[in-house]
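Participant: give me coordinates for this.
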Amino acid sequence: MAEVEVVEPSGGSGGLIKIILVVLLVLIVAIGSALGSLFFTGFFDAAEEDAAELAIAELEAEIENTEALQQPEKVSKETVDEEKFKPAYHSFSAPFVANVMNSRKVLQISLAIMTYYDERVITAITTHELAITSSILDRLRMITEGEIKDPDFRRELAEDLTLVINEVLEKFEEFKFAGVEEVYFTGFVVQ
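Facilitator: Numbering: from 1, shown residues only. All right, here's what the predicted structure looks like:
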């Protein structure tokens with residue numbers, strides 16, 4: 001008896017189908033994971049974010065309108081022309097003494113302030129004189145010998161001390177204005 005060999009066709013088409021299916025499966029998984037990542041990071045929720053931002057903006061506008069309505073109406077106070085802008089002065093009782101930074105020199109100054117506001121500013125200064133003195137001494141201890149030689153030193157120091165005093169008054173009295181207009185030196189010694 002003769003043996004018959006069964007010849008199988010070369011597996012070219014079966015292997016090609018498997019490769020195509022694997023590639024398609026990998027593509028489907030990659031696309032699915034990319035879309036899933038975008039979904040979970042909120043990429044598709046842009047419309048909701050815009051709506052939320054719009055709602056917040058509307059609420060802020062409503063709050064501003066409500067605050068504007070709640071502000072008390074300003075009434076002008078009748079004053080005599082001679083009392084308008086009349087300056088008031090106050091001088092500190094003790095001189096301020098500080099060492100000049102990186103020097104053997106000592107700076108001693110006596111100060112007075114001027115305000116155009118009413119007696120509240122002078123009262124606040126006397127009430128908080130210890131805090132004001134401390135802040136002034138903190139500023140004075142930062143002065144260097146080179147600064148003292150500058151021709152504009154006294155003017156700049158007076159401006160700085162005006163700011164320092166006003167900061168203390170705003171902190172403790174909650175003034176919404178700069179109560180002290182100017183600082184004057186009634187004594188100025190560097191030894």
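
Participant: next helix or strand past the least confident helix or strand in the chain by mean pLDDT?
Facilitator: One helix or strand of the chain scores below all others by mean pLDDT, DSSP states H and E: helix 46-70, with a mean of 75. Using DSSP states H and E, the helix or strand that follows helix 46-70 in sequence is strand 88-91.

Participant: so where's this protein shaky on pLDDT?
Facilitator: 1-13, 44-49, 67-85 (pLDDT under 70).

Participant: show me the domain layout of it.
Facilitator: 15-42, 88-190 (automatic domain parsing).

Participant: helix or strand for I113, which one?
Facilitator: When elements are assigned from DSSP H and E, I113 belongs to strand 106-115.

Participant: strands paired with that strand, and their directions?
Facilitator: Neighbouring strands of strand 106-115 in its sheet, by DSSP bridges, are strand 88-91 (antiparallel), strand 96-99 (antiparallel), strand 182-190 (antiparallel).

Participant: which parts of the longest one are buried?
Facilitator: Using 16 or more other C-beta atoms under 10 Å as the test for burial, strand 182-190 gives V183. (Each C-beta comes from the backbone N, C-alpha and C, glycine too.)

Participant: dump it to CSV, keeping only the CA atoms.
Facilitator: Below are the C-alpha coordinates for strand 182-190, written out as CSV (Å, rounded to 0.1, in the frame of the first residue of the first chain):
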residue,chain,number,x,y,z
GLU,A,182,5.1,115.5,58.4
VAL,A,183,7.9,114.8,60.9
TYR,A,184,10.1,117.7,62.0
PHE,A,185,13.5,117.5,63.8
THR,A,186,13.6,119.8,66.8
GLY,A,187,17.0,118.4,67.7
PHE,A,188,19.6,116.5,65.6
VAL,A,189,23.0,115.5,67.0
VAL,A,190,25.6,113.0,65.7
